[in-house]
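Enquirer: model the following, please.
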Amino acid sequence: MIVSMDKLPIGDTGLAVTPICFGTSAIGDMPDTYGYNVNEARARDTLHAIFDGPVNFLDTSNNYGFGRSEERIGAALRERGGMPEDLVISTKVDRDMETGRFDAVRVRQSVEESLSRLGLDQIPLLHLHDPEHARDLNEITCTGGALDELFRLKEEGLAQAVGLAMGRIDMMFPILREFPFDALISHNRYSLLNRSAEEMFDYAHLTGITVLNAAPYAGGVLAKGSKEMPRITYQEAANSELEPVRRIEEICDLHGISPGAAALQFSMREPKITSTIIGVSKPERVQETLNWAGEDIHPEAWGALLDLPHSREDPEAVRDYKPG
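Expert: Got it, this is the predicted structure:
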């Protein structure tokens, strides 16, 4: 199977992105989330492997690794003499990580921090991030609040396009209906294990909001395997909780395919999804992702995989959230 890396537009913003986007949260060294460390040299090598490949889309955030992800991206860009011509960087404005404050002033501070770390004058795609973890949702959604400031940044040209990136669908869906976002990022909620974002994706597609689907590996378990990584959506998983993963692995083994390929292509084959965000933290994972995107999967295997039961509940309902 040959997978095209032809670029698709993000609405009428002038941005166009490949169907794969590489996520860089782990590159910022977040052991509380992923269970392992990533040093500066490994992060640098991974970023250069991304820049040397056909993917033109990179996702980060102000608070990934408390700024380390953006700092490391900025350093790698300087080593290459600046932004590659068609690279699209997506980053996110974040709350004050000590107080939870997420007002208009904090949005302005956050984007200034990101511009400085990345060495840019403009953010191609800028999302408001994780409002469910802020101290007061009202200071985000009220008149003159964080979201109004996000759109003001677009009007001023500091962002070319703006979006919403968060977890909880019950909070995200109403906000999407109230503001004219160009894009959204949802993570862990549209995968072989979970379809809780399906209705929201339908709405976004119908209304012209570009859908970016992150974490199709359910936090890594569908890529690394239930034995090597017995964690689902960043939490240690009980034996019974891993059973749906094992059923996927059994079908893939029967048909001679990689579970990672099945998990990735499940997202990529959905027409409503413009790009799938894949976290990588080793240079070899970059080529592995491209290989999985192109792996042949027989229709019989898809039939068996799609017949498996899946959850529509919040996959992070009991997650012990840690930002590091």
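Enquirer: just the element for Ile185, please.
Expert: strand 183-187 (DSSP states H and E).
Enquirer: neighbouring strands of that strand in the sheet, and parallel or not?
Expert: Using DSSP bridges, strand 183-187 pairs in its sheet with strand 159-166 (parallel), strand 210-214 (parallel).
Enquirer: what pairs with the most centrally placed residue in the chain across the strands?
Expert: Per C-alpha atoms, centre = their mean, the C-alpha nearest to the average position across the chain is that of Ala214, at 3.6 Å. Judged by DSSP bridges, the bridge partners of Ala214 are His187, Ile277.
Enquirer: in this structure it contacts Ala183, no?
Expert: No. Ala214 lies out of contact with Ala183 (C-beta atoms under 8 Å); the separation is 11.7 Å. In short, each C-beta sits where N, CA and C put it, glycine included.
Enquirer: let's have the strands paired with strand 183-187 in TSV, adding mean pLDDT and distance to Ser4.
Expert: Output for the strands paired with strand 183-187, formatted as TSV (pLDDT from 0 to 100; distance: least, C-beta to C-beta, whole Å):
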stretch	mean pLDDT	distance to Ser4
strand 159-166	98	22
strand 210-214	98	18
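Enquirer: among these, which comes closest to Asp314?
Expert: strand 159-166 (11.9 Å; C-beta to C-beta).
Enquirer: using CSV, write down the CA coordinates of the closest one.
Expert: Taking C-alpha atoms only, strand 159-166 is exported to CSV below (Å, rounded to 0.1, in the frame of the first residue of the first chain):
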residue,chain,number,x,y,z
ALA,A,159,-1.7,33.1,14.6
GLN,A,160,-2.7,32.1,11.1
ALA,A,161,-5.4,29.6,12.3
VAL,A,162,-6.9,28.8,15.7
GLY,A,163,-8.3,25.7,17.3
LEU,A,164,-9.4,24.0,20.4
ALA,A,165,-7.5,21.1,21.9
MET,A,166,-8.7,19.2,24.9
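Enquirer: can you list contacts of it?
Expert: 10-11, 13-15, 61, 90, 92, 111, 122-132, 150-151, 153-154, 172, 175-176, 179, 181-187, 210, 212 (C-beta atoms under 8 Å, 6 or more residues apart in numbering).
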